[in-house]
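Please work out how this folds:
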Amino acid sequence: MTFAVSGGLIVAIGGQMAALAIGLIGAKAMEAIGRNPEASGRILPAMLVGMAFAEAIAIYSLILAFTK
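Next comes the predicted model:
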């Protein structure tokens, strides 16, 4: 019982934090592109790398929940 609850909490918290991080990264990148459209070539790759790292945290939490 406690393993199921702890696994659910791991996925829920890990997913929420990753979603929050991805949303903030995307919002700030779009704000920066809106302010300086010429810099979009430099902003977009950095945004994608940041989103990939945030998504990796969610995947790690999913793997951790499955191993419990």
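
switch to C-alpha atoms for all contacts and neighbour counts from now on
Noted.

Buried residues in the longest helix seen in the chain, which are they?
Secondary structure of the chain per DSSP state H: the longest helix is helix 2-35. For helix 2-35, the neighbour count (16 or more other C-alpha atoms under 10 Å) marks 7-8, 10-12, 14-15, 17-19, 21-22, 25-26, 29-30, 33 as buried.

Also stretch 39-58?
Here stretch 39-58 shows S40, I43, M47, G50, M51, A54, E55, A58 as buried, counting by 16+ other C-alpha under 10 Å.

Pull the most distant pair out of those residues.
Comparing all pairs in the buried residues of stretch 39-58 by C-alpha to C-alpha, the longest separation belongs to S40 and A58, at 26.7 Å.

A58 contacts A12, correct?
No: under the criterion of C-alpha atoms under 8 Å, A58 makes no contact with A12, lying 9.3 Å away.

would a markdown table of the buried residues of stretch 39-58 with pLDDT and secondary structure be doable?
A markdown table is the format used below for those (pLDDT from 0 to 100; DSSP: H, G, I helix; E, B strand; the rest coil):
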| residue | pLDDT | secondary structure |
| --- | --- | --- |
| S40 | 94 | helix |
| I43 | 96 | helix |
| M47 | 96 | helix |
| G50 | 94 | helix |
| M51 | 95 | helix |
| A54 | 92 | helix |
| E55 | 93 | helix |
| A58 | 90 | helix |
